Each structure stands twice: as C-alpha cells, then as structure tokens.
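>>> Following is a predicted model, sequence given first.
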Amino acid sequence: MPTSTMDGRDLAHRLLRRVAPLVIIALAALLPPAASALAPQERWPAEGAAVARALDVAAQQWGARACGGAVDVLWEPLAPNVNARAAWVADRARWADPAAYRDCEIDLSTAASWDWPKLCTVIVHEAGHLAGHEHSEDPFDVMFGEYVLPLPACAVAQEPPQPAARAARPMAKHRLGATAATKRKRPTGPRRGRPRACLRASAPAACRAGTTRRPARPGSRSRPR
C-alpha cells in the first residue's frame, strides 16, 4: 500500500501559506490610515459639517457655546509646533470674564497632521479657552496643553461625510448664528504671528490667545508654552 510522508520542510511551507495571510491582515490593521490627498482645509472646510459637529461636541463639553456661538474658525499657517490657537478680545476690566469675550476665533494649522478625532478634540480644547478655561497639568484632561489622546466624545462621534473635492479655501470661516451677508470682512494683510482678533482697532481692550501644541519628539527639547 502506498504511503505518504511529510518532512519538516514541507510542513513549514504549508504552515507558512496558512499563516502568512493572517500576519498581513494583522499588520495592515496596525498601520495608520493612508494620508488623504486633500489638504486639511479642503477635507474639513471651516464652514463644513465636520467643524460644525466638533463645535456641537464642544458645546456639550462646556455646557454652552463659547462666545454665544459667534466663533470664527479659520485654517492658517501656524508655527510648526502648534496645532491650533484660540483668540479673543475683551475690555481690560473684564479680560477674565468669558461672557465679555468678543471677536472670538479658532485658528487651525494647515501644516499639522489631522484626523477626525484629533480635529474634534482640538476644537473642543480651543473652545474651552474661549469659555474661560486655562491649560490643565493632567495629560488626560482635554485642556492639557498638548494633544495626547482624543476626547472620548470625539472618538465615538461619527465623522460627517466629506465634501466633494474643490479648490482650497483657507480663509473660509464658520460663524454660528450669522448669515453670509452679516459676516465680517477680514483683513488680508500679513498677520505677523498674531491672531486676527488681536489686530483689530481695540485700544481699550486686551487680547489673549490659547494654543494647543504638538507633543515634543523623544529626545528633543520641549518648547515653552
């Protein structure tokens, strides 16, 4: 009667053919998603559904809409270590009173790397500054000065459908409670590193800004906040 034999090499080849596809699938699941061909201001336009949903999450987080909902969101080229910043104007006598904040804006960096949970979390953080919250020393607090982990509410919130590809609009803004006809015109001159809210003619007013920075790379110097 004929018999079949299998040496160690044949057995190894068979196991490899069965295991290799599983290893490839597991590695693919661990790899970060491929970068989008769209610039962040194109994928998540400032007046789009994603930014609006992030502002909704921020309102739920802080119990109210910052600045009464009158917040301009813009995409801007910021410093390399900054993800975003918030800026506002207030009279000097009420600079610590969020109810007195006006000309509120959130600037998002066009140079930072983004995904939906990070975008949502950073907007919630910057809206926290507009609501009067300072930076926290707790790395698990959304008001920590560097982005570490997504806010749970942002991690579970579904990203709205992406808009169709179109030309970049870095100066587009999302202003709650205002129509296109009532939006203020913005100056187009150089900003010289200062938020637009700080460039307005407000002699008796003080201007403040809060930023969210990227974590420093291992082995590099941490930058001052």
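Right, received. Where do you want to start?
>>> And Phe140, how far from Thr121?
Computed as Cβ to Cβ, to the nearest Å, the Phe140 to Thr121 distance reads 12 Å. (Glycine included, C-beta is placed from N, CA and C.)
>>> so how far does stretch 76-87 reach from one end to the other?
Taking Cα to Cα, to the nearest Å, stretch 76-87 runs 13 Å from one end to the other.
>>> In it, which residues are buried?
Neighbour counts over stretch 76-87 (16 or more other Cβ atoms under 10 Å) mark 76, 78, 81-87 as buried.
>>> Ok, stretch 113-130 next?
114-130.
>>> Narrow the residues you listed to those in helices?
116-130 (DSSP state H).
>>> Looking at those, which is nearest Ala66?
Proximity of these to Ala66 (Cβ to Cβ) peaks at Leu130, which lies at 3.5 Å.
>>> Looks like that closest one contacts Arg102 (just checking).
No - with contact defined as Cβ atoms under 8 Å, Leu130 does not count as touching Arg102 (10.5 Å).
>>> Common neighbours of the two, please.
67, 88 (Cβ atoms under 8 Å, 6 or more residues apart in numbering).
>>> what's the distance between Ala58 and Leu130?
Remark: distance between Ala58 and Leu130 (Cβ to Cβ) = 9 Å.
>>> which residues do those two both contact?
Between them, Ala58 and Leu130 share these contacting residues under Cβ under 8 Å, 6+ apart: Ala66.
>>> Flag every buried residue along stretch 131-148.
For stretch 131-148, the neighbour count (16+ other Cβ under 10 Å) marks 131, 133, 135, 142-147 as buried.
>>> likewise stretch 90-108?
For stretch 90-108, a neighbour-count test (16+ other Cβ under 10 Å) marks 90, 98, 101, 103-108 as buried.
>>> Dump the residues you listed to JSON lines, plus pLDDT and distance to Leu38.
Below are the buried residues of stretch 90-108 laid out as JSON lines (pLDDT from 0 to 100; distance: Cβ to Cβ, whole Å):
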{"residue": "Ala90", "pLDDT": "91", "distance to Leu38": "36"}
{"residue": "Pro98", "pLDDT": "93", "distance to Leu38": "34"}
{"residue": "Tyr101", "pLDDT": "95", "distance to Leu38": "32"}
{"residue": "Asp103", "pLDDT": "95", "distance to Leu38": "30"}
{"residue": "Cys104", "pLDDT": "97", "distance to Leu38": "27"}
{"residue": "Glu105", "pLDDT": "97", "distance to Leu38": "23"}
{"residue": "Ile106", "pLDDT": "98", "distance to Leu38": "20"}
{"residue": "Asp107", "pLDDT": "98", "distance to Leu38": "19"}
{"residue": "Leu108", "pLDDT": "98", "distance to Leu38": "14"}
